[in-house]
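J.: Using only what follows, build the 3D model:
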Amino acid sequence: MSRLPGKRAETSGGYVVHDIPFPKNLTTESLHQLKAMTPLRIEQEYSIRYSHSYGQDSPFFAGLSNGVLLGCREPETGYVYATPRGHGMYSGKETQWVRLPGEGTVHAFTVCRYGSEEFLPETPFVLVLVEFDDADTLFLGRLLGVDPDAAGLDWIGMKVRAKYLRNSKLKPTDVYFVPLDEAHEQVETRP
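T.: Numbering: from 1, shown residues only. This next block holds a predicted model:
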């Protein structure tokens, strides 16, 4: 395709429009009537390729893709964070990676009936704060294998096990939890 200097090349992409109202004869009166024109409205998909780095949290995501949940420990105090944290909140010193146990306890939960675009088709879903014996903070994750409409306070203290997506997406949602009891194990589903 040859391109003339000073002329923008046209492509076949973009909007396909039909019957946009516009006067055939441009007169003072017809131009004045354009002020009453109904605004044109468009709807479009929007997509952007975004490249970013997990930086110091990279080992956490590498662990998830290998079925391992990592936390961070402050070397001086032994305080363990259940989520990645490069530096301790008390000492400010660099933390060390530690392996968290694969089982924990539901500390709190919520049933999400609304979600962002990515999670909206999966509503309602259950989010839990999981407490691990070896950690001083809680871990937020999804709880599968339960009926969100049957939520109750008896879920507090429920023993859960971490499960991992077979095909890692390198996202926090690569790990999820299921109840430990055998009755729920039989109805477990993959996200």
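J.: Mind naming the longest strand for the chain?
T.: strand 103-112 (DSSP state E).
J.: Would you mark the buried spots in that strand?
T.: By neighbour count with 16 or more other CB atoms under 10 Å, strand 103-112 contains the buried residues Gly104, Thr105, Val106, Phe109, Val111, Cys112. (Each C-beta comes from the backbone N, C-alpha and C, glycine too.)
J.: pLDDT score assigned to the third one?
T.: At Val106 the predicted local confidence, pLDDT, stands at 98.
J.: nearest spatial neighbour of it, skipping sequence neighbours?
T.: Closest residue in space to Val106, ignoring its immediate chain neighbours: Met158 at 4.4 Å, by CB to CB, 6 or more residues apart in numbering.
J.: Let me know how buried that neighbour is, in neighbour terms.
T.: 20 (other CB atoms under 10 Å).
J.: all strands for the chain, in order.
T.: 70-73, 80-81, 96-99, 103-112, 125-131, 138-143, 159-164, 175-179.
J.: and these as CSV, adding distance to Pro39?
T.: Output for these, formatted as CSV (distance: least, CB to CB, whole Å):
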stretch, distance to Pro39
strand 70-73, 52
strand 80-81, 51
strand 96-99, 55
strand 103-112, 36
strand 125-131, 38
strand 138-143, 42
strand 159-164, 49
strand 175-179, 45
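J.: Among those strands, which comes closest to Met89?
T.: strand 80-81 (8.1 Å; CB to CB).
J.: Neighbouring strands of that closest one in the sheet, and parallel or not?
T.: Next to strand 80-81 in the sheet, as set by DSSP bridges, lie strand 70-73 (antiparallel).
J.: buried residues in the partner strand?
T.: In strand 70-73, counting by 16+ other CB under 10 Å, buried: Leu70, Gly71, Cys72, Arg73.
J.: And for stretch 159-166?
T.: So, applying 16+ other CB under 10 Å, buried residues of stretch 159-166: Val160, Arg161, Ala162, Lys163, Tyr164, Leu165.
J.: so how far is it off the chain centroid?
T.: Distance of stretch 159-166 from the chain centroid (CA atoms, centre = their mean, to the nearest Å) equals 17 Å.
J.: Contacts made by it with the rest, please.
T.: Residues outside stretch 159-166 that contact it (CB atoms under 8 Å, 6 or more residues apart in numbering): 64-65, 67, 69, 102-106, 128, 130, 141, 143-144, 173-181, 188, 190-191.
J.: If we use 6 Å, what do you get?
T.: 67, 69, 102-106, 174-180 (CB atoms under 6 Å, 6 or more residues apart in numbering).
J.: ok, back up a step: wait, isn't the residue nearest to Val106 in contact with Ala108?
T.: No - if you go by CB atoms under 6 Å, Met158 and Ala108 don't touch, sitting 11.1 Å apart.
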